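Visitor: what's the 3D shape of this:
(one chain, ligands or ions: 1)
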Amino acid sequence: MKYVVCVPDGCADEAVAELGGQTPLEAASTPVLARLAARGEVGRAAVIPAGMPPGSDVGNMAIFGYDPAEFHTGRAPIEAAALGLELGPDQVAYRCNLVTVGDDGTMVDFAGGHPTSSESRPVIEALQAELGGDGIEFHPGVEYRHIMVAPGSWSDADCVPPHDLSDKPAVVPTGSAAGGLVDLMDRSRAVVRRFGLKANQIWLWGQGFQPQMPRFAKIYGLEASLCSAVDLVRGLGVLTGITCVDVEGMSAGFDTDYEAQRDAALESLRDGTDVFIIHVEATDEAGHAGNVDEKVKALERWDRDILDGLVEGLDELGPWRLLLLPDHATPLRLKTHTPDPVPYLLVDSAVDGPGGSYTEAGVAACEPVPGHLLMARLVRHR
Ligand SMILES: [Zn+2]
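Guide: Presented below is the predicted three-dimensional model:
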């Protein structure tokens, strides 16, 4: 038996006026998805446990079959794992954004003008040289997203994610570690500004100790692999012993090579992997950008360039089961994530399910299932 998990990040949405009052899932032409839903089981998944932040870290942790309420410690340590950093028990990782804060203290750009990785690396290296030491370490990551490691005593702080502060006053952290954090953010200005980028300081947030997650193979008795261009998702793979497959042409943007991600899944399953997770970020990006066309197009590309050939390829390999759901909703109207339950689809190649429609309205009457229980249902693990 082969198992596939499809994650169109943030694809769930609301009725959109430009789509004549339909949601992107309703408006997109997705004949393969419709066919699978008609013979599978659709329902609603609570991927974000009550009271937890509606992020891809929490939602994907649930999809991977781990209860975020038990295992989630913060976003940064998952990204640190993706960079290959191993935290000691007395180290806490912070996400270190390069950001642009206006002279009036407004968060102008949480992504600091989107520097490239090669533009930002020397900035992080300079921060390490000038502000590092005494247990503080700056590690270069990707584009505007970097990691700061600090002693465990620095963990107590309430930090606002910079993307929640866009065009608002940049509210500094509170809590017992706030003094040190604010001091570093203040002192970072003199360093960052020397590089002539749009970014003019760092923003520290999303901290946590390294989560202690048992290996996927140990819990489910199956070997799993994944492909994703997103650090958070790859980091979850590192922390759970799920192999991260590199795919040429895979990106976190609208231009990702869908067919290459599909082929990587089929190749890995053919080579002996039991479970393959395909994560594509484009739907979430479109949601954040409020880009209706790209969100619909991304769903149509899922259908045409992934699901169609995937089903065909899986049929050649023997019996299979497939789970499809996003890690959270990213409504176009809000341009950010919500914690609302999302539609899920579970299909078995050999069993006709009750059938339904894979849309928000199609599952509105279903009682939400905790998202982290779906992996066990997919692989029928007791
Ligand atoms: Zn997002």
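Visitor: my guess is residue 207 contacts residue 158, does it?
Guide: No - at 10.1 Å, residue 207 and residue 158 do not qualify as touching, with contact defined as C-beta atoms under 8 Å. Glycine gets a C-beta too; all of them are placed from N, C-alpha and C.
Visitor: and the nearest residue to residue 12 once chain neighbours are set aside, what does it touch?
Guide: Distance criterion C-beta to C-beta, 6 or more residues apart in numbering; nearest residue to residue 12, sequence neighbours excluded, is residue 329 at 3.7 Å. Taking C-beta atoms under 8 Å, 6 or more residues apart in numbering as the criterion, residue 329 is in contact with 10-14, 54, 287, 337-338, 340, 342.
Visitor: who's residue 109 bridged to?
Guide: On the basis of DSSP bridges, residue 109 takes part in beta bridges with residue 100.
Visitor: For the stretch 251-382 of the chain, which segments count as strands?
Guide: In the stretch 251-382 of the chain, the strands defined using DSSP state E, counting those that start in this stretch lie at 275-280, 320-324, 342-348, 369-370.
Visitor: out of the contacts of residue 329, who's nearest residue 258?
Guide: For the contacts of residue 329, the closest approach to residue 258 (C-beta to C-beta) belongs to residue 11, at 13.6 Å.
Visitor: which residues does that closest one form a beta bridge with?
Guide: Beta-bridge pairing for residue 11 (DSSP bridges): residue 329.
Visitor: Please name the residues that touch it.
Guide: Under the criterion of C-beta under 8 Å, 6+ apart, the neighbours of residue 11 are 24-25, 283-284, 295, 298-299, 326, 329-330, 342.
Visitor: Can you tell me how far it is from residue 236?
Guide: The spacing between residue 11 and residue 236, counted by C-beta to C-beta, to the nearest Å, is 19 Å.
Visitor: can the contacts of residue 11 go into JSON lines with extra columns for pLDDT and distance to residue 108?
Guide: Rendered in JSON lines, the data for those read as follows (pLDDT from 0 to 100; distance: C-beta to C-beta, whole Å):
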{"residue": "24", "pLDDT": "98", "distance to residue 108": "29"}
{"residue": "25", "pLDDT": "98", "distance to residue 108": "34"}
{"residue": "283", "pLDDT": "98", "distance to residue 108": "27"}
{"residue": "284", "pLDDT": "96", "distance to residue 108": "23"}
{"residue": "295", "pLDDT": "98", "distance to residue 108": "26"}
{"residue": "298", "pLDDT": "98", "distance to residue 108": "28"}
{"residue": "299", "pLDDT": "98", "distance to residue 108": "32"}
{"residue": "326", "pLDDT": "98", "distance to residue 108": "30"}
{"residue": "329", "pLDDT": "98", "distance to residue 108": "27"}
{"residue": "330", "pLDDT": "96", "distance to residue 108": "22"}
{"residue": "342", "pLDDT": "98", "distance to residue 108": "32"}
